[in-house]
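Student: Predicted structure and sequence below. I'll ask about it afterward.
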Amino acid sequence: MKNILLALALSVASLPVLAADVCQGGTLLTGTVLTAPTYKAGSKLNGIYLDHTHVSLQGTDGQVYDVAMDDVFANGYKKNQASVPSPLNQILVGDQLELCGELYTGGDVGIHWVHTNCGDTPTPTDPNGWTRDLSQPALGNNLESNETYCYLWQ
């Protein structure tokens, strides 16, 4: 029994390392959601609005980050939806998020590009990102994996 518990503890302890290895081209950020998701209108590309959902996240490093999630990549996004799409609307204050994306500065410190890169080779400015709600695993492995609108960038 002790061997099983030790093996389980070691495998769980290695999960952040594995996630960092898989976050190809991007930066891995984990932390606690401080604010409920909010909708921010964006510009239009080929008739599709490129809106965002934002939350504030306190990283495990203590820094507060603005998380900008592209609505068109949300799994429940409806074309030109002018509100926070599902499942992003189910993120709760206090949830633990794991994000792979691109860090940015310019007033706020934040992370964006936390979504699929539509099959492109990952780079630091085009990572194959993701958004995971570790507190609600039933929401899925990546809340931002919808590739319906990838054609906009091809």
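Tutor: Cool, got the structure. For clarity, every value in this text was computed on a predicted model and none was experimentally measured.
Student: ok, which stretches of this protein are strands?
Tutor: If DSSP state E is used as the criterion, the strands of the chain fall at 27-33, 38-40, 44-45, 48-49, 52-59, 64-70, 96-104, 110-112, 130-133.
Student: check contacts around residue 99.
Tutor: 28, 29, 30, 57, 67, 111, 114, 129, 130, 131, 132 (Cβ atoms under 8 Å, 6 or more residues apart in numbering). (Each C-beta comes from the backbone N, C-alpha and C, glycine too.)
Student: Give me the neighbour count for the last one.
Tutor: A total of 21 residues lie near residue 132 under the criterion other Cβ atoms under 10 Å.
Student: ditto for the fifth one
Tutor: Residues lying near residue 67 (other Cβ under 10 Å) number 25.
Student: List the contacts of it.
Tutor: 54, 55, 56, 57, 97, 99, 110, 111, 112, 114, 131.
Student: Beta-bridge partners for the fifth one, please?
Tutor: Beta bridges link residue 97 to residue 31, residue 133 when assigned by DSSP bridges.
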